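Visitor: Coordinates for the following, if possible.
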Amino acid sequence: MIKFFKNFLRLLWRVWFVIVAAVPILIGLPVIYYSIAFDKQKLFTWLKHAWGSWVLFWMGFRVKTDNQATIDPHQSYVIIGNHTSVMDIMVLLKVIKLPFVFVGKIELSKIPIFGYLYKKSNIMVDRKSPRSRKEVYTQVVDFVKKGNSLAIYPEGGVPDPSVFLAPFKNGAFRIAIEHKLPIIPMVYYDNKRKYPYDIFKGSPGTLRVKILPVIQTDQLTLDDVDELRDFAYNLIYTELMNDQLSKEFKTLKTG
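Guide: Now for the predicted structure:
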């Protein structure tokens, strides 16, 4: 009976997330559309930051940030991190004040209203289509020229809960080297436990995130893609393994 009651409360919490996320988008739709249609980058960046902060607050999450990076507000970056939960996006929107766009899967564009706005303001990629993956590099040039950074989850999506950290794909690192963009690595320690994709698990609380020192790429060539990828992977993997809560959760899921 207690388990049923807990599951019921968690289900309501998930429904609450949909409401909390959707209401400000619906209310602010004219302003959001204006900022996208007329390329009002500062306004759109503020709106995204406000939306992420709003969702986290009303879902009962407090973000604790350990920022070890020196970030130049006039520089474009490739922002990477382990992908564990939809809350990764909200935390990223809250803690990174730079104008940036996501390089994300095309399936998100199918979500009513949100999908349209997401498609208009970010780079969509169909990972099953070689042509779509190739077009990403063309779109990157346009967005970077406008001063945007790029947010890419190099695992290629949210891995199965039993996977501690999935292997990184090359795309983010190839883009960073080709365009001489520094990389900002981020580590999400708690999102997987606090808001997993299993709707009957999770709870409000503190979400810790660490922004690791920037990785410079200006001296690298495409021959260094694999080495750069592995270096970034090992940085994030080591951070997670050094965190007691992350290790305990790994043991719970895979042991």
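
Visitor: So, low pLDDT: which residues of the chain?
Guide: 108, 113, 127, 129-130, 132-133, 246-255 (pLDDT under 70).

Visitor: Look at I111 and say how many residues are nearby.
Guide: 12 (other Cβ atoms under 10 Å). In this view, the C-beta of every residue, glycine as well, is placed from N, C-alpha and C.

Visitor: How about it: what's its closest non-neighbour residue?
Guide: Y118 (7.3 Å; Cβ to Cβ, 6 or more residues apart in numbering).

Visitor: What is the neighbour count of that neighbour?
Guide: For Y118, using other Cβ under 10 Å, the count is 18.

Visitor: any idea which element it lies in?
Guide: In the assignment (DSSP states H and E), Y118 maps to helix 114-121.

Visitor: can you list contacts of that helix?
Guide: 21-22, 25, 32-33, 36, 44, 101-102, 104, 108-109, 111, 124 (Cβ atoms under 8 Å, 6 or more residues apart in numbering).

Visitor: Just the buried residues of the residues you listed.
Guide: Neighbour counting by 16 or more other Cβ atoms under 10 Å classes A21, I32, I36, F44, V101, F102, G104, S109, M124 among the contacts of helix 114-121 as buried.

Visitor: for the last one, which residues make a bridge with it?
Guide: Residues in a beta bridge with M124, per DSSP bridges, are G104.

Visitor: so it makes contact with I106?
Guide: Yes: M124 lies in contact with I106 (Cβ atoms under 8 Å); the separation is 4.5 Å.

Visitor: show me where the protein has helices.
Guide: 2-27, 29-37, 41-58, 87-95, 114-121, 130-145, 171-178, 191-194, 225-241, 244-254 (DSSP state H).
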